[in-house]
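# This is a predicted model, with the sequence first.
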Amino acid sequence: MFERFTNYWVPKSKDRAIEYRTKVGIFQGWISVLVNTILFGIKLTIGIMAGAISVIADAFHTLADVIGSVVVVWAFHESKKPADPSHPFGYGRAEYIATLIIAVFLGVAGIEFVQASFERIMVPTPINPEWWMIYIISFTVIIKEITARYGEFLSKKIASGTLHADAWHHRSDALSSLMVVVALIASKMGYVSVDGWAGLVVAGFILWTGFHIARGAIDDLLGKPPTEGELENIRRIVIPIDGVLGVHDITIHSYGREKFVSMHVEIDANENPSRAHDISEKVEEIVEANLGVEPTVHMDPIQPEHPIVNDLQNFLGTYCNSEDRITNVHDIRVVDTDEHHVILFGLNLIPGITQTDIVACEAQIIGSVKSNFPGFEVEVKVSPIHRY
């Protein structure tokens, strides 16, 4: 049903995926504005007529939805703007800003209604709502849940955290309205203080939703690590390319739907510069064709035919299998001349490891390599935490 409804109002065309995504996001935003504006008017009118703080709180929760939905529309308008000299990575993170704004509105509304609800609990005020009022508020619960499910459907369809936040905004409003219905029925039966307690529960829903949404938005703004699936996808694409011996130190930056990738690609140190350049061009071409991103490729020369390198690879492979802190060893090279005898390699360590553990892990592996390959100095480079 949702699919047919969406295709009727936002038909698929030959637009680029990013343009279709923007149209869907704006469409959902205006649907939310329309639905929430109507429900705000209904709830506020009933709340004033019945004198119910829980209903008035719920009405302003819905008003926050209206503002949040306008922000959603703004975010999708902004995110479709092309990159410019002032914003060379585009405007994709406008969605994250919009999500954070929605969370702030929720937090402010929640705090205000905590105060109002406590006042109603301390000084209960009798209310006597009509049954038609209760029926209408009950109907708004159904409308909001349908809107929430539609928003969740669209958020998955276009992979939008902003629409996901907006959907939860709707769902929190539906849950708060359900609590209001319970409060109105209880008040009609003579339990006067239930109105204040229900208002407090509604405020709790608002605050919890705001916190949940804000945490996700802040994570996106600060930068989240790539998923293991994203990393494996890149490795799966790059490793089979002719001339590539390994890939590591992958970094992914996200700007909304736009992603920027950098990686270190291992090649044979005996390759001439022209051949090395051709390999890097091929990596960029294939990654862009498969993932829609243009990567930055750093070439690392290694010595796959060197006898000590082979022995070292076997040793480090066995060592790392017994060391939980190490996720990857790369760039294994050996300098073996009359003047210099040096073993060099890089390490990727597990996320969240402390600096003390990093130093200890580095010292242990250096000591182990020196004892098994006497006469060599050992230099280890630990990759930054944002590389995988």
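Sure thing, it's come through.
# show me where the chain has strands.
Ranges of strands in the chain, per DSSP state E, are 246-255, 258-268, 296-302, 326-336, 341-349, 377-382.
# export the first one as PDB, just CAs?
This means strand 246-255. Included here for strand 246-255 are C-alpha records, laid out as PDB according to Å, rounded to 0.1, in the frame of the first residue of the first chain:
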ATOM      1  CA  GLY A 246      46.500  -6.300  -0.600                       C
ATOM      2  CA  VAL A 247      44.400  -3.400   0.700                       C
ATOM      3  CA  HIS A 248      44.400  -1.800   4.100                       C
ATOM      4  CA  ASP A 249      44.100   1.500   6.000                       C
ATOM      5  CA  ILE A 250      40.600   2.100   4.500                       C
ATOM      6  CA  THR A 251      39.000   5.400   5.600                       C
ATOM      7  CA  ILE A 252      35.400   6.300   4.800                       C
ATOM      8  CA  HIS A 253      34.000   9.800   5.300                       C
ATOM      9  CA  SER A 254      30.200  10.300   5.000                       C
ATOM     10  CA  TYR A 255      28.400  13.500   4.000                       C
END
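# Same question for that strand: list its buried residues.
Neighbour counts over strand 246-255 (16 or more other CB atoms under 10 Å) mark 246, 247, 248, 249, 250, 251, 252, 254, 255 as buried. Using the backbone N, CA and C atoms, a C-beta is placed for each residue, glycine as well.
# pLDDT on that strand, on average?
The average pLDDT within strand 246-255 is 81.
# And the contacts of that strand?
Residues outside strand 246-255 that contact it (CB atoms under 8 Å, 6 or more residues apart in numbering) are 89-90, 92-93, 220, 223-224, 226, 230-231, 234-235, 238-239, 259-266, 298, 302, 328, 330-331, 346, 348, 383, 386-388.
# Show me how far it is from its chain's centre.
Relative to the centre of its chain, strand 246-255 is centred 16 Å away, using CA atoms, centre = their mean, to the nearest Å.
# Could you do the second one as well?
Mean C-alpha position of strand 258-268 versus that of the full chain (CA atoms, centre = their mean) differs by 22 Å.
# Extract the C-alpha set from that strand and format it as PDB.
Output in PDB follows, covering the C-alpha atoms of strand 258-268 (Å, rounded to 0.1, in the frame of the first residue of the first chain):
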ATOM      1  CA  GLU A 258      27.900  11.200  -0.400                       C
ATOM      2  CA  LYS A 259      30.900   9.100   0.700                       C
ATOM      3  CA  PHE A 260      34.600   9.700   0.300                       C
ATOM      4  CA  VAL A 261      37.000   6.800   0.500                       C
ATOM      5  CA  SER A 262      40.800   6.600   0.800                       C
ATOM      6  CA  MET A 263      42.800   3.400   1.000                       C
ATOM      7  CA  HIS A 264      46.300   2.000   0.900                       C
ATOM      8  CA  VAL A 265      46.900  -0.600  -1.900                       C
ATOM      9  CA  GLU A 266      49.900  -3.000  -1.800                       C
ATOM     10  CA  ILE A 267      51.700  -3.700  -5.100                       C
ATOM     11  CA  ASP A 268      55.000  -5.400  -6.000                       C
END
